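In: Here's my sequence, what's the structure:
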Amino acid sequence: MEQDPKCQEQMREKNRNRMQKTRRKHQTVEQLEHTRKLARERQQVYDARKRQERQGVAAKGTAREKVEKKREKWRQASQNYRDGITAQKKRRVKEKRMSQKYKKKEAKMAAEVAKVEKAVQAQAAFQQSGCPYPTQGAYKRAVSRMKAKFKTQGAKLAHLFKGVVKYSDPKTRRALKVLNVSYSTPDKTPDPRWQPQQEKRRKHAKAQEATSPGFQRLWRN
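Out: Presented below is the predicted three-dimensional model:
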C-alpha cells in the first residue's frame, strides 16, 4: 500500500472526509456560519472567473465567424478596387475574363470530343475483332461474372482453364482456333513394353483370317 500511489490517494481522501465531518460536528454555531460564509465567497469568485472566461471566448468568436469577417473584408476591398478604376480598365478586365472563360470552355469541349472519338474507335476495333458481345463493357462484365464463379487462383485456375479448352466441343474448338487458342495433345508414342503383345495379337489375327472359310474359298478360286 505504501508503494501504490492510487491507494495512498484514496486513503488521504478518506481521512480528509473523516476530519471534515469531525470538525463540523465539534464546531459551534458561529464557527459553522463563518465557514459557510467563506464557502459562499469562494463560490462567487469562482463563478466570476468562469463568467469572464466565457465572455472572452465569445468576444474572440468561432472559426465560422472569423471566416465570415475575412470574406466581408475581401468583398469590401474588391468593391473599393472596382470603384476606383476607370471604365476603360473595367472593359479590359471584362474582356480578359470573357476570353479566359471562352478558352476554358473550348478546351473542355475539345476534351469531350476526343473522349467520344476514342470510345468510338475502341468500339470499332472491338467489333472488328469478331467478338460476339455487342460492346467491350458487356464482354468485360461477362468475364467478371465467369471469374467470380471460380473460387481458386493461381495454378488451380490455370488448370481449370486448360481443362475447359481441352474438353470443349468441336464448335468451340473452331472458335478458339480462330482466336489462336488451342490445346495441343502430346504425341502418343507406343510404349515398348506393349510391343510384343501387340505383335502377337497381329499374328493371331492374321492366322484366324487365313483359316476362316471365306478366305479359303477366295484362295481356292
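In: quick one: what helix or strand has residue 181 in it?
Out: Using DSSP states H and E, residue 181 sits in no helix or strand.
In: In contact with it, which residues are there?
Out: The neighbours of residue 181, taking CB atoms under 8 Å, 6 or more residues apart in numbering as the test, are residue 165. For the C-beta atoms, the positions are set from N, CA and C on the backbone; glycine is no exception.
In: in the host helix or strand of residue 140, what's buried?
Out: Per DSSP H and E, residue 140 falls inside helix 136-149. Within helix 136-149, the residues that count as buried by 16 or more other CB atoms under 10 Å are residue 136.
In: Pull the residues that contact it.
Out: 122, 123, 126, 131, 133.
In: so after that helix, what's the next helix or strand?
Out: Heading C-terminal from helix 136-149 (DSSP H and E), you reach helix 155-166.
In: could you give the angle of that following helix to helix 136-149?
Out: What separates the directions of helix 155-166 and helix 136-149 is an angle of 120 degrees, with axes from the mean of the first three to the mean of the last three CA atoms, to 10 degrees.
In: Quick one: mean pLDDT for helix 155-166?
Out: For helix 155-166, mean pLDDT rounds to 78.
In: Distance from it to the middle of the chain?
Out: Offset of helix 155-166 from its chain centre (CA atoms, centre = their mean, to the nearest Å): 30 Å.
In: Kindly export it (C-alpha atoms) in PDB.
Out: The C-alpha trace of helix 155-166 is given here as PDB (Å, rounded to 0.1, in the frame of the first residue of the first chain):
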ATOM      1  CA  ALA A 155      -2.100 -22.900 -60.700                       C
ATOM      2  CA  LYS A 156      -5.600 -24.300 -60.000                       C
ATOM      3  CA  LEU A 157      -7.300 -21.700 -62.000                       C
ATOM      4  CA  ALA A 158      -4.800 -22.200 -64.900                       C
ATOM      5  CA  HIS A 159      -5.500 -25.900 -64.900                       C
ATOM      6  CA  LEU A 160      -9.200 -25.300 -64.900                       C
ATOM      7  CA  PHE A 161      -9.000 -23.100 -68.000                       C
ATOM      8  CA  LYS A 162      -6.800 -25.700 -69.600                       C
ATOM      9  CA  GLY A 163      -9.400 -28.400 -69.000                       C
ATOM     10  CA  VAL A 164     -12.100 -26.100 -70.400                       C
ATOM     11  CA  VAL A 165     -10.200 -25.700 -73.600                       C
ATOM     12  CA  LYS A 166      -9.200 -29.300 -73.800                       C
END
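In: Going by neighbour count, list what's buried in that helix.
Out: Within helix 155-166, no residue counts as buried by 16+ other CB under 10 Å.
In: List the contacts of residue 133.
Out: Residue 133 makes contacts with 139, 142, as judged by CB under 8 Å, 6+ apart.
In: does it count as helix, strand or coil?
Out: For residue 133, the assignment made with DSSP: H, G, I helix; E, B strand; the rest coil gives coil.
In: how close does it sit to residue 120?
Out: Distance of residue 133 to residue 120, given as CB to CB, to the nearest Å: 17 Å.
In: Read off the pLDDT value for the closest residue to residue 131 other than its chain neighbours.
Out: What sits nearest to residue 131 in space, not counting adjacent residues and going by CB to CB, 6 or more residues apart in numbering, is residue 139, at 5.8 Å. pLDDT for residue 139: 78.
In: Could you do residue 79 as well?
Out: Confidence score, pLDDT, at residue 79: 90.
In: and it, helix, strand or coil?
Out: Residue 79 - assigned by three-state DSSP - is helix.
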